[in-house]
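Student: quick one, structure for this:
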Amino acid sequence: MKPPYDISPKIINLVASISEKIGEVNATYLNKQSPTLRKQNKIKTIHSSLQIEGNTLTQDQITALVENKRIIGPQKDILEVLNAIKVYEDLDRFNWVAEKSFLEAHRFMMQGLIPEAGKYRTRGVGIVQGSEVAHVAPPATNVPYLMKDLFAYLKKSEEILLIKSCVFHYEMEFIHPFLDGNGRMGRLWQTIILLQKYPVFEFLPFETLIGKTQAEYYKVLSLCDRVGNSTFFIEYMLDVIDQSLAELLRFNNRTITAHDRIDYFVKSGKKQFNRKDYMNVFKDISSATATRDLKKAVELHLIEKHGNDNKTYYLIKNS
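Tutor: Got it, this is the predicted structure:
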């Protein structure tokens, strides 16, 4: 059964904008960031997602934990981060359409924090904001059936992945299948869904923007509860993704080094190429920069140079 939502003009426009930006990300190498940038963005993701849930650790403290260093802080907050690090360091282990894998991710995320880690709740829950009850979740007896239906939608629906990821995020939050950890699981699983088609989401910290617009995040969730469909939440999340991609393109383009470009190109599978081929991949660099890159690659013994002047071509070594 398809969850209720409508495809609004805003959704159509945002999907087009996101698709265009993802194309630009792919064309400018940002879909394959350097290990350092990937690590930094993963830390941002963990920090933002857990900060929304009240975690007090700073990015510097999370960085220290990633590097296996000891820190001083609340033990619960430290354990939350250590659990999240284990999950985000190996997202490929999770099957996006498998409910069993979803429960396994919750077990890893909440291990040592609640006795019911990796298990659906067996009692009623509600979301309280301030002194008011913002949401009363469906009865616990309904949770297994509702989640089974939600994963059936995820697996069988022909809806585009961008929209499906948002629908899953909202519906999971509405069902509230766990006693704790629902928010971080909603954001995590949306990332895992998007990864099936868009590698950039492995390190795109859109949780940072959710954190900055946290009041709106909860307001839109409540609005969708009242109107009985997830259209407004889809619009909100697509806008967050669109803005996050724009920020990635605006700031991270400046950090790509010659070594990053060379490493990416060498692993691209092309056996023989010339400077023009190289520049067709990295469209934002000048011919002089391309020449310097290729000279460095020759010096590093990654490629071999053959011919001279306009007949120069290169061979990737060990290809």
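Student: where does the stretch 201-319 of the chain dip in pLDDT?
Tutor: Applying pLDDT under 70 to the stretch 201-319 of the chain flags residues 251-256, 268-269, 318-319.
Student: ok, now with 50
Tutor: For the stretch 201-319 of the chain, no stretch is flagged by pLDDT under 50.
Student: P9 and L194: what is the separation?
Tutor: For P9, the distance to L194 equals 22 Å [C-beta to C-beta, to the nearest Å]. Bear in mind the C-beta positions are built from the backbone N, C-alpha and C, glycine included.
Student: these two: which is more packed in?
Tutor: L194 (22 against 8; other C-beta atoms under 10 Å).
Student: show me the contacts for that one.
Tutor: Counting by C-beta atoms under 8 Å, 6 or more residues apart in numbering, L194 makes contact with 161-162, 165, 201.
Student: check F94 too.
Tutor: 101-102, 104-105, 192.
Student: so which of these is the closest to T36?
Tutor: Nearest to T36 among the contacts of F94 is I192, at 23.4 Å by C-beta to C-beta.
Student: how many neighbours does that closest one have?
Tutor: By other C-beta under 10 Å, 23 other residues sit near I192.
Student: now swap in the one 4 residues further on and tell me
Tutor: Burial of Q196, expressed as a neighbour count using other C-beta under 10 Å, amounts to 14.
Student: spell out the secondary structure type for it.
Tutor: Classification of Q196 by DSSP: H, G, I helix; E, B strand; the rest coil places it in coil.
Student: next one: the spatially closest residue to it that is not a sequence neighbour from I7, what distance?
Tutor: Distances taken as C-beta to C-beta, 6 or more residues apart in numbering put W96 closest to Q196, at 5.7 Å, once the chain neighbours are dropped. As judged by C-beta to C-beta, W96 and I7 stand 22 Å apart.
Student: higher neighbour count, the two?
Tutor: Taking neighbours as other C-beta under 10 Å, W96 and I7 compare with W96 leading, 22 against 13.
Student: buried among the contacts of F94? Need that as a selection in PyMOL.
Tutor: Buried residues within the contacts of F94, by 16 or more other C-beta atoms under 10 Å, are selected in PyMOL with:
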select buried, resi 102+104+105+192
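Student: tabulate the contacts of F94 (CSV), appending distance to V240 and secondary structure.
Tutor: Shown next, in CSV, are those (distance: C-beta to C-beta, whole Å; DSSP: H, G, I helix; E, B strand; the rest coil):
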residue, distance to V240, secondary structure
S101, 25, helix
F102, 22, helix
E104, 26, helix
A105, 21, helix
I192, 17, helix
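Student: please parse this protein into its domains.
Tutor: The chain breaks down by automatic domain parsing into domains covering 9-254, 257-316.
Student: most tightly surrounded among these?
Tutor: Comparing the domains of the chain by mean neighbour count (mean count of other C-beta atoms under 10 Å), domain 9-254 ranks first with a mean of 17.
Student: and the longest helix for this protein?
Tutor: helix 231-252 (DSSP state H).
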